[in-house]
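Engineer: After the sequence you'll find the predicted model.
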Amino acid sequence: MKLALLTMPSILLKSLTKCSKDLEAAKVASPQYNAITRNSMINSVTLPEDEVKRRLEAGEPYVIRIKLPRQEEVRFHDIIRGWIVVHTQNMDDKVLFKSDGMPTYHLANVVDDYLMDISHVIRGEEWLPSAPLHVLLYRYLGWEAKMPEFAHLPLLLKPDGNGKLSKRDGDRLGFPVAPLNWLDPKTGETTSGYREKGYYPEAVLNFLAMLGWNPGTTQEIFSLEELVEAFSLDRVSKAGAKFDFEKAKWFNHQYLIRKSDDELAAQFKPLVTEAGFSADEEYLKSVVSLVKERANFVIDFMEHARFFFEAPTSWDDDTLRKKWKADTQDLLEGWKEALKSSNFDNAQSIEDASKVYMESREAGIGKVLQAFRILLTGLSAGPSMFEICALLGKDEVISRFENGLKHTKEAFA
RNA sequence: GGCCCGUUCGUCUAGGGGUUAGGACACAAGAUUUUCAUUCUUGGAACAGGGGUUCGAGUCCCCUACGGGCUACCA
């Protein structure tokens, strides 16, 4: 391959060590190796042919560059951006082969794509400036007829400020950027991954697909199959898109609530074990069905569901204080007694019994429900209290109720 | 600096000469759940600026501003 290119008239040689010094010596505004500066440097266009030969045989290091015409318009069509025109006077004689004999990306990608009959080159916008070079490479190699179509995608931007999204932004702002946790073997830096943060692959894929592309309808949730069906390059937008992690969470939530309780229970189980609890399949399924609506990730479940596995040891006193009235303690004590003698068949029967009791006290249940919740779960928010009671079972409910009342008696009485 | 690309609500975006400029996330309010959350409804919120072209510009052209990318013997 190297020999083949060496014979081409558009290629020139250059002494490696002197390259940068020569450019400085040429005193050009931006040191570029191009149609003008090449004439004042040591290379195969300024050296006599036999001198070039001598140096090569002497084993002098060299690189092979593309020799661009001085003034020529390079036009090519980009599927997303339309026609793009660049003049060769604004381009430079890029290195094609490094001094170690290896090709640079520019050459390699063109040769590779040609050999593999690639039809479309779809890549990030950061490649746009080198696209004209690639077009010229296809031309000089005689492959223009098989040149692929180009599509330069908009960039993913940092959520704050501007600029291309980088791995470091993730850990700086507390969200993942890589698919998986990753330890850079060179720097020892770690990058947190979507998987470890609890994102579903389908959700990430769906979210990413919507960044820079839209289906032209209001549909937002797409399976991979639907995406394949609906996607087309001509609906890709031109401007870069910032990551919106609130929306990423929303996507994950959408996928989460569509999962079956079986599946979610299975995913939750290891976390339950890890937290030092154990529960059977059925119990987990019930917990999960109550909790999933308010969680974005399975790894968030425990913070909403801890009370399903252990009685609270502390209570949200601030909220309790706001709800506390002179008769609250008394109403709750009575409610506890009422529950003791009621049946716990299901949430509805518990609710009915509770309401009957409150009516007997000529009060609405709303008056003490919030306090009730805090006594039993420690928290001021959560799923239906009656569902929770049904799941916890009568003994546990009464025990927690008593314990909680002991606490409020000390704290508020 | 030079070259290239871009610019509609805070964010992701629809829109390709005539629209009350639409949706989603987030936010706020109301309703419901006699609790919090969920849910539902409603609301605030945008065409970067200036010139053209046109009967008529978010939509077409130019300029300016701003943003981004590239400018390696990295990809």
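Structural biologist: Looks like it arrived, so ask away.
Engineer: C-alpha from now on. contacts and neighbour counts both.
Structural biologist: Fine.
Engineer: Residue A:191 pairs with what?
Structural biologist: residue A:182 (DSSP bridges).
Engineer: does it really touch residue A:183, like I thought?
Structural biologist: Yes: Residue A:191 lies in contact with residue A:183 (C-alpha atoms under 8 Å); the separation is 6.4 Å.
Engineer: out of everything not next to it in sequence, what's closest to whichever residue of the stretch 151-300 of chain A sits closest to RNA strand B?
Structural biologist: Here the stretch 151-300 of chain A gets closest to RNA strand B at one residue, residue A:212, 3.0 Å apart by C-alpha to the nearest atom of the strand. Using C-alpha to C-alpha, 6 or more residues apart in numbering and skipping the chain neighbours, the partner closest in space to residue A:212 is residue A:237 (5.2 Å).
Engineer: quick one, what contacts the one you found?
Structural biologist: Residues near residue A:237 by C-alpha atoms under 8 Å, 6 or more residues apart in numbering: A:80, A:153-154, A:212-213.
Engineer: Mean confidence (pLDDT) on the helix or strand where residue A:367 lies, please.
Structural biologist: Residue A:367 belongs to helix A:366-377 when assigned by DSSP states H and E. Averaging pLDDT along helix A:366-377 gives 91.
Engineer: Report the distance from it to the chain centre.
Structural biologist: 39 Å (C-alpha atoms, centre = their mean, to the nearest Å).
Engineer: which stretches of the stretch 151-300 of chain A aren't confidently modelled?
Structural biologist: Applying pLDDT under 70 to the stretch 151-300 of chain A flags residues A:161.
Engineer: So which residues on it come close to RNA strand B?
Structural biologist: A:155, A:161-164, A:210-214, A:216-218, A:220, A:235-244, A:246-247, A:250, A:293-294 (C-alpha under 7 Å from any atom of the strand).
Engineer: Kindly supply the ChimeraX command isolating those of the residues you listed that are buried.
Structural biologist: Buried residues among those (16 or more other C-alpha atoms under 10 Å), as a ChimeraX selection:
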select /A:155,164,210,211,212,213,214,236,237,240,241,242,243,250
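Engineer: Could you pick out which of the residues of the stretch 151-300 of chain A next to RNA strand B are located in strands?
Structural biologist: A:241-242 (DSSP state E).
Engineer: Tell me if the helix holding residue A:367 is near RNA strand B.
Structural biologist: Yes: under the criterion of C-alpha under 7 Å from any atom of the strand, RNA strand B is reached by helix A:366-377 at A:366-367, A:369-370, A:373.
Engineer: can I get these in CSV with neighbour count?
Structural biologist: Listed next are those as CSV, based on neighbours: other C-alpha atoms under 10 Å:
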residue, neighbour count
A:366, 11
A:367, 15
A:369, 15
A:370, 18
A:373, 24
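Engineer: Return the member of these nearest to residue A:398.
Structural biologist: Comparing the residues of helix A:366-377 next to RNA strand B against residue A:398 with C-alpha to C-alpha places residue A:373 closest, at 12.9 Å.
Engineer: got a list of what that closest one touches?
Structural biologist: A:379-381, A:385.
Engineer: one more time with 10 Å
Structural biologist: A:315-316, A:320, A:379-386, A:388-389, A:401 (C-alpha atoms under 10 Å, 6 or more residues apart in numbering).
Engineer: could you dump the helix ranked longest in chain A to CSV, C-alpha only?
Structural biologist: Assignment by DSSP state H gives helix A:394-412 as the longest helix of chain A. Below are the C-alpha coordinates for helix A:394-412, written out as CSV (Å, rounded to 0.1, in the frame of the first residue of the first chain):
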residue,chain,number,x,y,z
LYS,A,394,-52.5,-6.6,61.6
ASP,A,395,-49.9,-7.5,64.2
GLU,A,396,-47.2,-5.3,62.7
VAL,A,397,-49.6,-2.4,62.2
ILE,A,398,-50.8,-2.5,65.8
SER,A,399,-47.3,-2.9,67.1
ARG,A,400,-46.0,0.1,65.1
PHE,A,401,-49.1,2.1,66.0
GLU,A,402,-48.4,1.6,69.7
ASN,A,403,-44.8,2.3,69.4
GLY,A,404,-45.5,5.5,67.4
LEU,A,405,-48.1,6.7,70.0
LYS,A,406,-45.5,6.2,72.7
HIS,A,407,-43.2,8.5,70.8
THR,A,408,-45.8,11.2,70.2
LYS,A,409,-46.9,11.1,73.8
GLU,A,410,-43.4,11.9,74.9
ALA,A,411,-42.8,14.4,72.1
PHE,A,412,-46.1,16.3,71.9
